[in-house]
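**Q** pasted the sequence and its predicted model underneath.
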Amino acid sequence: MNSNHVAVSNVAGQAEEASGSTAAELVNARELARLLAVSERTLYRLKSTGELPQPVILGGSVRWRLSEIRNWIAKGCPHPTKPK
């Protein structure tokens, strides 16, 4: 999983550089799935099993804080609800 971790980290960093994003940027499911190189279905499966950081719900919209996703990736994508 380390090679995936590096690849995802690079993609997330490139996305930030390309868009000039800030730490408070929110990404939707399509953007996050693309950054993690998974399908949207897999992304929602990870969300439902608690394997992703919790999203922010704005009305009916589901968004993730890009800074939290980067931190999660930097820590090796640990399961947020399970102890280390």
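**A** That came through fine.

**Q** count the neighbours of residue 80 for me.
**A** 13 (other C-beta atoms under 10 Å). For glycine as for every other residue, the C-beta is placed from the backbone atoms N, C-alpha and C.

**Q** and the end-to-end length of stretch 43-54?
**A** 12 Å (C-alpha to C-alpha, to the nearest Å).

**Q** all helices of the protein, in order?
**A** Along the chain, counting by DSSP state H, helices occupy 2-19, 29-36, 40-48, 66-74.

**Q** helices and strands around the third one, which ones?
**A** Secondary-structure packing of helix 40-48 (3 or more C-beta pairs under 8 Å, 6 or more residues apart in numbering; DSSP states H and E): helix 29-36.

**Q** just checking, what packs against the helix it packs on?
**A** Helices and strands touching helix 29-36, by 3+ C-beta pairs under 8 Å, 6+ apart, are helix 2-19, helix 40-48.

**Q** let's see it at 10 Å
**A** Under the contact criterion of 3 or more C-beta pairs under 10 Å, 6 or more residues apart in numbering; DSSP states H and E, helix 29-36 touches helix 2-19, strand 26-27, helix 40-48, strand 61-65, helix 66-74.

**Q** averaging pLDDT over each of these, which comes out lowest?
**A** Set side by side, the helices and strands packed on helix 29-36 give their lowest mean pLDDT on helix 2-19, at a mean of 48.

**Q** mind listing what the residue nearest to residue 63 when sequence neighbours are not counted touches?
**A** Nearest non-adjacent residue to residue 63, counting by C-beta to C-beta, 6 or more residues apart in numbering: residue 26, 3.8 Å away. Contact analysis of residue 26 by C-beta atoms under 10 Å, 6 or more residues apart in numbering lists 32, 55-56, 58, 61-68.

**Q** of these, keep whichever come out buried.
**A** Taking 16 or more other C-beta atoms under 10 Å as the criterion, what is buried in the contacts of residue 26 is 32, 55, 62-68.

**Q** let me know the closest of those residues to residue 47.
**A** residue 55 (6.7 Å; C-beta to C-beta).

**Q** can you tell me how far that closest one is from residue 46?
**A** Residue 55 sits 11 Å away from residue 46 when distances are taken as C-beta to C-beta, to the nearest Å.
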